[in-house]
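Undergrad: make a model of this:
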Amino acid sequence: MDRKALVYKGMVPNCTCCDQALRILPNGEWITVFMTGGNIEPELANFVALCRSRDQGETWGPLETVLRRDDKGCTLTEVVVHGGEIIVFVNIHGGFFDQWHNFTIRSRDNGHTWSDPAPFTALPRRGFVRNLYVSSWGEWYMPFQYYEPTGDPDASPLKDGSFQQMWVGTLISGDEGATWTSSNRVRGRCWAEDNVVELRDGRLVMLMRADGTGCLWRSESTDRGRIWSEPVRTEIPNPGSKFRLFRLRDGRIVLVHNPNTQTSHPNSKHYASCNRNPLALWVSTDDMQTWAHQRVITDFPGHLAYPDGVVDAAEEYVHFAFDYNRHDVIYYGARLP
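TA: Alright, predicted model coming up:
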């Protein structure tokens with residue numbers, strides 16, 4: 001049976017909620033880290049917060065601040081739990097993705113205290129990483145998207161034209177994140193939210209969002225992520241939203257996403273320009289050639305966006321959080337087939 005619970009309900013002055021990520025901590029607690037603050041994203045009021053569960057997602061505690069700046073907007077792009085440490089990858093910007101810099105913050109006490117932001121220099125300014133993938137041969141892969149400046153590097157990619165054409169690739173680490181190298185870069189569209197997964201023959205596949213096309217796009221690497229092919233369309237529907245890939249121990253691949261080709265909606269408002277509904281769980285047993293198991297998790301009216309979480313150790317559930325209409329954060333435990 002599936003599980004669900006309210007993590008956080010946005011309210012003044014912290015109405016907006018997005019970019020949530022559920023993680024399981026070394027002490028067994030669960031946290032959902034997300035961006036909140038203000039009414040929209042991006043704006044100066046945006047900050048990074050978390051809510052905590054001590055009963056495996058059944059109930060969630062109050063809002064705890066992770067990173068907040070009075071003079072800058074803050075958002076997160078990835079949360080890694082490794083070696084007793086939580087690492088949150090964050091962007092700090094001038095309120096409109098201008099003056100965009102990348103940082104990491106760390107906690108060694110299960111998220112009760114946090115380090116000062118440290119520059120994340122493995123990735124250029126105006127770029128960010130998405131979900132870490134750990135390969136069977138031990139290397140770490142963090143997909144990224146990057147907006148190359150057309151002039152002033154402090155300008156927002158929403159203003160200088162670079163937002164419509166950006167670059168994607170992967171950062172690669174052979175020492176569990178101590179150092180990183182970069183793959184080649186290939187062209188993406190708007191806001192890639194790319195995820196990487198490994199196939200049984202050792203190939204790596206990167207799926208990416210491509211706004212306005214109604215589907216996910218795909219790139220492949222046959223040399224362990226050093227060189228990626230030019231992206232091509234897939235038949236996986238996507239309205240323009242983040243999705244999440246997982247690989248199970250038996251080689252099955254799990255996709256949590258919005259299987260909808262509709263890229264606009266008559267009721268669309270600011271930052272709701274696509275139809276992020278329903279929310280579904282797909283499973284492939286043949287390296288993503290087909291998706292034999294396709295189950296709608298929820299189609300409650302509204303936007304059900306940006307699912308991110310973990311597969312439990314027994315591989316019985318995918319535990320993740322998503323935002324409802326950018327003002328509520330919901331926990332969902334989806335039973336795997």
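Undergrad: which SSE is V79 in?
TA: V79 is part of strand 73-82, with elements assigned from DSSP states H and E.
Undergrad: what sits up against that strand?
TA: 19, 21, 23-26, 33-35, 41-48, 66-68, 86-95, 128-132, 142, 176-177 (Cβ atoms under 8 Å, 6 or more residues apart in numbering). C-beta coordinates here come from the backbone N, C-alpha and C atoms, glycine included.
Undergrad: can you rerun that using 7 Å?
TA: 19, 21, 23-25, 33, 35, 41-44, 46-48, 67-68, 86-93, 95, 128-132, 142, 176 (Cβ atoms under 7 Å, 6 or more residues apart in numbering).
Undergrad: ditto for stretch 98-112
TA: Under Cβ under 7 Å, 6+ apart, the answer for stretch 98-112 is 25-27, 29, 31, 50, 67, 84-93, 113-115, 117-120, 123, 125-128, 154-156.
Undergrad: give me the buried entries from the residues you listed.
TA: Buried by 16 or more other Cβ atoms under 10 Å: 25, 29, 31, 50, 67, 86-93, 114, 117, 120, 123, 125-128, 155-156, out of these.
Undergrad: okay, strands next: where are they in the stretch 51-200 of the chain?
TA: Remark: strands assigned in the stretch 51-200 of the chain by DSSP state E, counting those that start in this stretch are 64-67, 73-82, 85-93, 101-107, 118-119, 127-129, 133-134, 140-146, 165-173, 181-182, 186-189, 195-198.
Undergrad: Throw those into JSON lines and include mean pLDDT, thanks.
TA: Shown next, in JSON lines, are the strands of the stretch 51-200 of the chain (pLDDT from 0 to 100):
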{"stretch": "strand 64-67", "mean pLDDT": "98"}
{"stretch": "strand 73-82", "mean pLDDT": "97"}
{"stretch": "strand 85-93", "mean pLDDT": "97"}
{"stretch": "strand 101-107", "mean pLDDT": "98"}
{"stretch": "strand 118-119", "mean pLDDT": "97"}
{"stretch": "strand 127-129", "mean pLDDT": "96"}
{"stretch": "strand 133-134", "mean pLDDT": "98"}
{"stretch": "strand 140-146", "mean pLDDT": "97"}
{"stretch": "strand 165-173", "mean pLDDT": "95"}
{"stretch": "strand 181-182", "mean pLDDT": "98"}
{"stretch": "strand 186-189", "mean pLDDT": "92"}
{"stretch": "strand 195-198", "mean pLDDT": "98"}
